[in-house]
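Q: one predicted model, sequence on top.
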Number of protein chains: 2
Amino acid sequence: MGKNTDDLRQKRPQPPVIDAFDRKILAALAADSGQSYQRLGESVGLSAPAVHERVRRLKQSGAIKGVHAALDGAALGKPLLAFVHVEAAGWGKSERLMQVLRFPEVEEMHSVAGDVSVLFKVRTASPQALEAFLAQIHAVPGVTGTRSYIALSTYLERPVQAGVTDSWPDLPAQE
Amino acid sequence: MGKNTDDLRQKRPQPPVIDAFDRKILAALAADSGQSYQRLGESVGLSAPAVHERVRRLKQSGAIKGVHAALDGAALGKPLLAFVHVEAAGWGKSERLMQVLRFPEVEEMHSVAGDVSVLFKVRTASPQALEAFLAQIHAVPGVTGTRSYIALSTYLERPVQAGVTDSWPDLPAQE
DNA sequence: AATATCGCTGATTATTCTTCGGCAGAAAGG
DNA sequence: CCTTTCTGCCGAAGAATAATCAGCGATATT
């Protein structure tokens, strides 16, 4: 019977260990995924094949979900960025709500804890297009209202960063 | 004197025309920037060098701002995603507020129109880390309060899409 | 201490990127 | 209406990179 534990250990989905090298690689790839493995290796202090192998594992483990081109919304004719908060009665059928994910204007959708149920990030061509989107939302059964926040200036917009702050700076004593 | 107009026309920053081919290329690159120019060309109906040239122009014009690896926040030890709304008195010096952009937890910062001034998207390792971030925000002069929305489920999170909806579906007549 | 396992290095091959010359189609001018 | 010019695409070649392999050293295990 004792041998079975060995079999189990073998099939264990191995907690993907992410060490300092992986962190550096991930940080570099999040900043710019276009550089060669050679340069990446020089940045982190590894050979190109080593980086290649680590990236392969990171992709397979899901730590790297994909590589995407970052497009400029304004250049594409969608200068209006808005965050739409949706108030819904009950935990309403979101199946109908999922339909709006088809629109390319919708970039994010989260269910949140707070005084609203769902939060959208949408990028539209015009206020009229945002209105049309809101009409779609209001048409969903159970939706009782929306609150929209329109971005005036975007000071930062970047992908998930690899770093983690483990020691937050001390705050000056409050008066 | 009339000749000067020619000189000006020559230096005009040429409105970057984005045609249907560019749209397809951008859509494909936003979905997956890892594919070869050969495959891209087959997808959109162009040769590899043609795609290469178009991508070069799109990058130079700024339509493509970069290529980034999409990382998994949870896999990196940051499972907590939150949207933090900041209420500020006046249009306060945001210079102090800009300092928080240094933290890798901060992914977005927008000034918005609505009942709050600034909106953050932050991804932290724990509720404690979020609390530490909020403490940093509250330490900024002029900040009168914050409201946080914690993501329970993320149903969609993707980069800027190339497409634009030009004909929104009709809504069923409301009762 | 011996053994097995894992990961890195260096080199090699295949694929891709990048550039070049030539040509077709469309706009500007005679 | 024809000519000229320009812009963009294609096909092919050369350079760079990606991807793979065998061998070795280190660490953990027996």
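A: Good, I have the coordinates.
Q: which of the residues in the strand or helix carrying residue A:155 are buried?
A: Secondary structure from DSSP states H and E places residue A:155 in strand A:143-157. Under the neighbour-count criterion of 16 or more other Cβ atoms under 10 Å in any protein chain shown, strand A:143-157 has A:143, A:146, A:148-151, A:155, A:157 buried. Using the backbone N, CA and C atoms, a C-beta is placed for each residue, glycine as well.
Q: how about stretch A:115-134?
A: Result for stretch A:115-134 [16+ other Cβ under 10 Å]: buried residues A:116-125, A:129-130, A:132-134.
Q: now, which of those sits nearest residue B:33?
A: Closest approach to residue B:33 among those (Cβ to Cβ): residue A:123, at 19.0 Å.
Q: tell me how far the closest residue to residue A:47 other than its chain neighbours lies from residue A:50.
A: Closest residue to residue A:47 apart from its sequence neighbours, by Cβ to Cβ, 6 or more residues apart in numbering or on different chains: residue A:41 at 5.3 Å. Between residue A:41 and residue A:50 the computed distance is 7 Å (Cβ to Cβ, to the nearest Å).
Q: and what of residue A:108?
A: 35 Å.
Q: can you pick out the residue with more neighbours from the two?
A: Each of residue A:108 and residue A:50 had its neighbours counted (other Cβ atoms under 10 Å in any protein chain shown), and the higher figure belongs to residue A:108 (19 against 16).
Q: any idea which helix or strand comes after the helix or strand hosting the more buried one?
A: Using DSSP H and E, residue A:108 maps to strand A:106-113. Counting by DSSP H and E, the element after strand A:106-113 in chain order, helix or strand, is strand A:118-124.
Q: show me what that following strand is packed up against.
A: Packed against strand A:118-124, as judged by 3 or more Cβ pairs under 8 Å, 6 or more residues apart in numbering or on different chains; DSSP states H and E, are the following elements: strand A:80-88, strand A:106-113, helix A:127-138.
Q: which one of these lies nearest to DNA strand C?
A: For the helices and strands packed on strand A:118-124, the distance to DNA strand C is smallest for strand A:106-113, at 25.9 Å, taking Cβ to the nearest atom of the strand.
Q: so for the closest one, what gets flagged as buried?
A: In strand A:106-113, residues buried by neighbour count (16+ other Cβ under 10 Å) are A:106-112.
Q: returning to what we had before: of all the buried residues of stretch A:115-134, which two lie farthest apart?
A: Using Cβ to Cβ, the two most remote members of these are A:117 and A:125, lying 26.6 Å apart.
Q: give the residue spans of chain A that score low on pLDDT.
A: Segments of chain A classed as low confidence (criterion: pLDDT under 70) are A:1-15, A:92-93, A:174-175.
Q: separation between residue A:142 and DNA strand D?
A: With distances defined as Cβ to the nearest atom of the strand, to the nearest Å, the gap from residue A:142 to DNA strand D amounts to 46 Å.
Q: same deal with residue A:43?
A: 13 Å.
Q: enumerate every residue touching that residue.
A: A:24, A:28 (Cβ atoms under 8 Å, 6 or more residues apart in numbering or on different chains).
Q: just the CA trace of the helix or strand encompassing it, in PDB.
A: The secondary structure element spanning residue A:43 is helix A:37-44 (assigned by DSSP H and E). As requested, the backbone C-alpha atoms of helix A:37-44 are provided in PDB (Å, rounded to 0.1, in the frame of the first residue of the first chain):
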ATOM      1  CA  TYR A  37      15.800  35.000 -25.700                       C
ATOM      2  CA  GLN A  38      19.400  36.100 -26.100                       C
ATOM      3  CA  ARG A  39      18.800  39.500 -24.700                       C
ATOM      4  CA  LEU A  40      16.400  38.200 -22.100                       C
ATOM      5  CA  GLY A  41      19.200  35.800 -20.900                       C
ATOM      6  CA  GLU A  42      21.600  38.600 -20.600                       C
ATOM      7  CA  SER A  43      19.100  40.600 -18.600                       C
ATOM      8  CA  VAL A  44      18.500  37.900 -16.100                       C
END
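Q: roughly how far out does that helix sit from the chain middle?
A: Taking the mean C-alpha point of helix A:37-44 and that of its whole chain, the gap between them comes to 25 Å (Cα atoms, centre = their mean, to the nearest Å).
Q: likewise stretch A:38-58?
A: Computed by Cα atoms, centre = their mean, the separation of stretch A:38-58 from the middle of its chain amounts to 24 Å.
Q: stretch A:149-159 too?
A: Using Cα atoms, centre = their mean, we find the averaged C-alpha position of stretch A:149-159 to lie 15 Å away from the chain's own average C-alpha position.
Q: same check on stretch A:161-171?
A: The chain centroid and the centroid of stretch A:161-171 are separated by 19 Å, computed with Cα atoms, centre = their mean.
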